[in-house]
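Peer 1: Kindly return the folded structure for what I paste below:
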Amino acid sequence: MFDLGNPHYQYLFLLPLLVWICYFRFRYWRNKKRLEVADAALWNQIHPNRSKRKPVLKNVFRILGLICLVIALVNPKIGTRIETITRKGVDVVFAIDVSKSMLAEDVSPSRILKGKQILSKAIDGLVNDRIGIIVYAGKAYAQLPLTTDYAAAKMFLRTIDTDMVPTQGTDIGSAVEMALSYFESGEKQNRVLFVLSDGESHEEGIADAGELASKNGIVIHSIGIGTLEGAPIPIKRNGIIKAYKKDKDDQVVVTKMDPDMLQQLSAHTGGSFMDGFNTKEVITFVNNSLSKMEKVESETEMYTDHEDQFQWFLALALFFFTLDLMVPNRKSLWLRKIKLFG
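Peer 2: Now for the predicted structure:
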């Protein structure tokens, strides 16, 4: 496995090449100027101890050191590192209503977009808690399983719309049953479900849903999206309102938020109801609700990551620069004094 820690520094690999070109251009200019003063034979007599190879060798050491410095800066990552993380937090599931009534625009920009905005801000406030997302209308569907990957949660959040669930209606009982499958068996004191809905058409399954949640240790907090005055349900094409939804009598349907149903749902489980009009207040409500929940150490997660390798190249750069300092420009006269064969 291979990766680069700082790939945006790759252009610096051109620097050693430029230095090498400049070095040879300088040598060419220096030799040309030297010939204007004295020819090669005379110059060798003036500087008898001058080495021809060592200046080139020293420059090679400098170039290699510079290359190693650039590699260290880019920070290649090779291999894997296994870390153990113990998570201690709350398992929180958000169930968002995606029935057609959520298209109403009595809250800006619309109920469904307001719910997504609240959910996005709530995700920003999570730290070690696992989050799951459920969408429901006539039926409930798992949008995101419990995870601590908040970036993935936001990605899945962007795909939510009112066309996701083909069966229309508002089956809150189905959403609670789906939430049960999210939570693991065992400890029940850290389970919380936030329902974001206008509360319309919840009457039929509200008592059963609350009882089911309470029996399984799930606290339901409901967040009402919409207004008591209500609004018609727009039918749009290419973002432009073409008409409004009508009933069998050809009358425009006005959908209104039903806070009583949502309060009743939360009351069954010891939860609370919050009007979702003010996003900032809702986020405070969510954070306060989670802070009161008992944090439970649920599992140890194993994950792999690439190991940094920059330190090796940094050491090599130091080695080459040290060699450059140690090698003199003069000939090593003491080597000539060594007689290996008498």
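
Peer 1: Could you pull up the contacting residues of the nearest residue to Gly230 once chain neighbours are set aside?
Peer 2: Spatial nearest neighbour of Gly230, excluding adjacent residues (C-beta to C-beta, 6 or more residues apart in numbering): Lys256 at 3.3 Å. Glycine gets a C-beta too; all of them are placed from N, C-alpha and C. Applying C-beta atoms under 8 Å, 6 or more residues apart in numbering to Lys256 gives the contacts Asp198, Glu200, Gly226, Thr227, Leu228, Glu229, Gly230.

Peer 1: Reformat those residues as a markdown table; add neighbour count and pLDDT.
Peer 2: Listed next are those as a markdown table, based on neighbours: other C-beta atoms under 10 Å; pLDDT from 0 to 100:
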| residue | neighbour count | pLDDT |
| --- | --- | --- |
| Asp198 | 30 | 90 |
| Glu200 | 20 | 80 |
| Gly226 | 30 | 93 |
| Thr227 | 17 | 93 |
| Leu228 | 11 | 92 |
| Glu229 | 9 | 92 |
| Gly230 | 18 | 91 |
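
Peer 1: among those residues, which two are most distant?
Peer 2: Distance extremes for these: the farthest pair is Glu200 and Glu229 at 13.5 Å, using C-beta to C-beta.

Peer 1: circling back: how far away is the residue nearest to Gly230 from Gly276?
Peer 2: Look at Lys256 and Gly276: by C-beta to C-beta, to the nearest Å, they are 14 Å apart.

Peer 1: Quick check: the residue nearest to Gly230 vs Ile225, distance?
Peer 2: For Lys256 relative to Ile225 (C-beta to C-beta), the value is 12 Å.

Peer 1: between those two, what contacts are shared?
Peer 2: With C-beta under 8 Å, 6+ apart, Lys256 and Ile225 have common neighbours Asp198.

Peer 1: can I assume Gln264 is in contact with Ala209?
Peer 2: No: in this structure, Gln264 is not within contact of Ala209 by C-beta atoms under 8 Å, at 10.0 Å.

Peer 1: In terms of neighbours, single out the busier of those two.
Peer 2: Using other C-beta atoms under 10 Å, the more surrounded residue of Gln264 and Ala209 is Ala209, with 25 against 19.

Peer 1: I'd like the mean pLDDT over the host helix or strand of that one, please.
Peer 2: Using DSSP states H and E, Ala209 maps to helix 206-215. For helix 206-215, mean pLDDT rounds to 84.

Peer 1: who's in contact with that helix?
Peer 2: Helix 206-215 has contacts (C-beta under 8 Å, 6+ apart) with 172-173, 175-177, 179-180, 193, 219-220, 261, 264-270.

Peer 1: Now, these that are in strands?
Peer 2: Judged by DSSP state E, strands contain the following of those: Leu193, Val219, Ile220.

Peer 1: Contacts only, for the last one.
Peer 2: This means Ile220. Val176, Val192, Leu193, Phe194, Val195, Gly210, Ala213, Leu265, Ser266, His268, Thr269, Gly271.

Peer 1: switch the cut-off to 10 Å
Peer 2: Going by C-beta atoms under 10 Å, 6 or more residues apart in numbering, Ile220 touches 93, 95, 172, 175-176, 179, 191-195, 209-210, 213-214, 262, 265-273.

Peer 1: Quickly list what it is bridged to.
Peer 2: Per DSSP bridges, the residues bridged to Ile220 are Leu193.

Peer 1: so how far is Phe94 from it?
Peer 2: With C-beta to C-beta as the criterion, Ile220 and Phe94 are 11 Å apart.

Peer 1: Which residues are in contact with each of the two?
Peer 2: In contact with both Ile220 and Phe94: Ala179, Val192, Leu193, Phe194, Val195, using C-beta under 10 Å, 6+ apart.

Peer 1: Might you report the residue contacts of the third one?
Peer 2: Okay, so that is Leu193. 91-95, 132, 134, 175-176, 178-180, 182-183, 213, 218-222, 265-266, 269, 271.

Peer 1: The same query, at a cut-off of 7 Å, please.
Peer 2: Val93, Ala95, Ala179, Ala213, Ile218, Ile220 (C-beta atoms under 7 Å, 6 or more residues apart in numbering).

Peer 1: what about the third one, how many neighbours?
Peer 2: A total of 28 residues lie near Ala179 under the criterion other C-beta under 10 Å.

Peer 1: Tell me the pLDDT of it.
Peer 2: 88.

Peer 1: go on, the last one?
Peer 2: Ile220 is assigned a predicted lDDT (pLDDT) of 92.

Peer 1: show me where pLDDT drops low in the protein?
Peer 2: For the chain, the stretches with pLDDT under 70 are 1-2, 38-40, 42-51, 79-85, 184-189, 201-204, 298-306, 329-342.
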